[in-house]
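Novice: One predicted model, sequence on top.
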Amino acid sequence: MGIRFVHTADWQIGRAFRMFDAKMAIPLEEARLACIDEIGRVAADGGAAHVLVAGDVYDSPDLSSKSLRQLLERMRLRSDVVWWLLPGNHDPARAGGIWDRIAALGVPDNAVALTQPGVRELAPGVSLLSAPLVARSFARDPTEWMNECETPSGSIRIGLAHGSIKSFGSDGAEAVIDPMRAAAARLDYLALGDWHGTREVNARTWYAGTPEPDRFRDNDPGNVLLVSIDGPGVVPAVQRRRTGRYTWVADTVEISDVTRLVQIEQALLARVSDPMCLLVQLALTGRLPVRAHGALAEWRDNLDAKLRYLDVDMSALDVTIESADFDLLGDDAALREVAERLGRIAGDEASPKQAAAKMAVAKLFELTRAAREVGS
């Protein structure tokens, strides 16, 4: 007797990416929905007939009926899989809430909404102990009751819950789950949601993370877990399966000359097969001659055209200015006077305007270079 299933969580269907404009946000929103098809394929390829979703199926209890229906239809089309849906802190199972609306719309025959805590038969000889959240805030451990819960003798016991583990914090829910719950409740596996990256708490307790990355955090998002349990008491075999379309990268890089930019770009592009699936926040540090800022701006603009999104923060990049640099501004006396005045402030360690002056003079050189290119 054994069981194989997919553990996933934090789909947050309907999430709005308000940090981006609409042109950027819409593909990211659509990717979260399209990811459900990929999860179904992972299950089919891995021989898993069940997908356990450990909370936050939807991003908000106030979504439109269309958003609710779109997910229900996606699951309905994957009739080879049974979807077990647990309410989380973003979509709690409170009276008159989102799960009542979903029930009225009609849950597909191959989906189960786990809106009440208790035990279900996942498969013959396999018991699923589910702990849905009924409010956005939850002060007590929602899995505590599992310690006393009885299941048929010799059955595999799988827990499904949403909330934080004390040891490393939470992505939003206030529920504090005992990291040793699997041992205390005799669980063969505890499938958790809330932390948006894939993480092993112990051999029997895992966070799957969100299947489609949604923020600039390096905690291994964009996966689901393919879990195999050969029998009661047997340590589960857990395999990561990549499902995310987009890759979000936040990095800080030190530079001292423009040749370093080529290496930075190569390292970024090596992360993905399609650069248009890459979102990058890049902070530059170090020292760069002011004469090189034009080349830096050109590099930034060229890279921006290749990627889905690029934000380059140069506020911590120190600018070095030499007297010969001002000759690059040409014969415009007024322009040179402004640049030299900014240069004096930029060289004054005691000036509170030093940092702003360095950026201003760098921008001046950048604009002058761009103007020459337009006029040539």
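Specialist: The structure has been received and is ready for your questions.
Novice: Return the distance of the residue lying closest to residue 276 once chain neighbours are set aside relative to residue 248.
Specialist: The shortest distance from residue 276 to any residue other than its chain neighbours is 5.2 Å, reached at residue 308 (Cβ to Cβ, 6 or more residues apart in numbering). Just so you know, the C-beta spots here come from the backbone N, C-alpha and C atoms, and that holds for glycine as well. Between residue 308 and residue 248 the distance, using Cβ to Cβ, to the nearest Å, works out to 10 Å.
Novice: so what sits against both of these two?
Specialist: Overlap of the contact sets of residue 308 and residue 248 (by Cβ atoms under 8 Å, 6 or more residues apart in numbering) consists of residue 279.
Novice: Sheet-wise, list the partners of the strand ranked longest in the chain with their directions.
Specialist: Under DSSP state E, the strand in the chain containing the largest number of residues is strand 278-289. Applying DSSP bridges to the sheet, strand 278-289 is found paired with strand 247-255 (parallel), strand 309-313 (parallel), strand 317-320 (parallel).
Novice: With only the CA atoms kept, save whatever helix or strand comes next after the shortest one in PDB.
Specialist: In the C-terminal direction, the helix or strand that comes right after strand 317-320 (DSSP states H and E) is helix 333-346. Provided in PDB are the C-alpha atoms of helix 333-346 (Å, rounded to 0.1, in the frame of the first residue of the first chain):
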ATOM      1  CA  ALA A 333      30.500  77.200 -21.400                       C
ATOM      2  CA  ALA A 334      27.200  77.300 -19.500                       C
ATOM      3  CA  LEU A 335      26.900  73.500 -19.400                       C
ATOM      4  CA  ARG A 336      30.500  73.200 -18.300                       C
ATOM      5  CA  GLU A 337      30.000  75.700 -15.500                       C
ATOM      6  CA  VAL A 338      27.000  73.800 -14.200                       C
ATOM      7  CA  ALA A 339      29.000  70.500 -14.400                       C
ATOM      8  CA  GLU A 340      32.000  71.900 -12.600                       C
ATOM      9  CA  ARG A 341      29.800  73.400  -9.900                       C
ATOM     10  CA  LEU A 342      28.200  70.000  -9.400                       C
ATOM     11  CA  GLY A 343      31.600  68.400  -9.400                       C
ATOM     12  CA  ARG A 344      32.800  70.600  -6.600                       C
ATOM     13  CA  ILE A 345      29.800  69.600  -4.400                       C
ATOM     14  CA  ALA A 346      30.300  66.000  -5.400                       C
END
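Novice: Name the residues of helix 333-346 that are buried.
Specialist: Taking 16 or more other Cβ atoms under 10 Å as the neighbour-count basis, helix 333-346 is seen to contain the buried residues 336, 339, 342, 343, 345, 346.
Novice: Quick check, pLDDT for residue 316.
Specialist: Model confidence at residue 316, expressed as pLDDT, equals 84.
Novice: from what I can see it touches residue 283, true?
Specialist: Yes. Residue 316 is within contact range of residue 283, at 6.4 Å (criterion: Cβ atoms under 8 Å).
Novice: Looking at those two, which is more packed in?
Specialist: The residue with more neighbours, out of residue 316 and residue 283 and counting by other Cβ atoms under 10 Å, is residue 283; that gives 16 against 12.
Novice: what's the more buried one in contact with, if anything?
Specialist: Taking Cβ under 8 Å, 6+ apart as the definition, contacts of residue 283 comprise 251, 252, 253, 312, 313, 316.
Novice: Tell me which two of those residues sit farthest apart.
Specialist: Within the contacts of residue 283, 251 and 316 form the most distant pair, 13.0 Å apart (Cβ to Cβ).
Novice: Regarding the chain, what is its longest helix?
Specialist: Scanning the chain for the helix with the most residues, using DSSP state H, yields helix 22-45.
Novice: Show me where the stretch 1-150 of the chain has its strands.
Specialist: Counting by DSSP state E, counting those that start in this stretch, the segments of the stretch 1-150 of the chain that form strands are 3-8, 50-53, 82-85, 111-113, 118-123, 126-131.
Novice: Ok, which of those comes nearest residue 271?
Specialist: Using Cβ to Cβ as the criterion, the shortest distance between residue 271 and the strands of the stretch 1-150 of the chain is 22.6 Å, found for strand 3-8.
Novice: neighbouring strands for that closest one, and are they parallel or not?
Specialist: Next to strand 3-8 in the sheet, as set by DSSP bridges, lie strand 50-53 (parallel), strand 223-229 (antiparallel).
Novice: Please identify the most buried of those.
Specialist: Highest mean neighbour count among those (mean count of other Cβ atoms under 10 Å): strand 50-53, with a mean of 26.
Novice: Now do that one: everything it contacts.
Specialist: Strand 50-53 has contacts (Cβ under 8 Å, 6+ apart) with 3, 5-9, 11, 39-40, 43, 81-86, 122-123, 128, 158, 160, 191, 193.
Novice: Including distance to residue 354 and mean neighbour count, could the strands paired with strand 278-289 go into JSON lines?
Specialist: Shown next, in JSON lines, are those (distance: least, Cβ to Cβ, whole Å; neighbours: other Cβ atoms under 10 Å):
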{"stretch": "strand 247-255", "distance to residue 354": "20", "mean neighbour count": "16"}
{"stretch": "strand 309-313", "distance to residue 354": "18", "mean neighbour count": "16"}
{"stretch": "strand 317-320", "distance to residue 354": "10", "mean neighbour count": "18"}
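Novice: give me the number of residues near residue 182?
Specialist: Residue neighbour count, defined by other Cβ under 10 Å, stands at 25 for residue 182.
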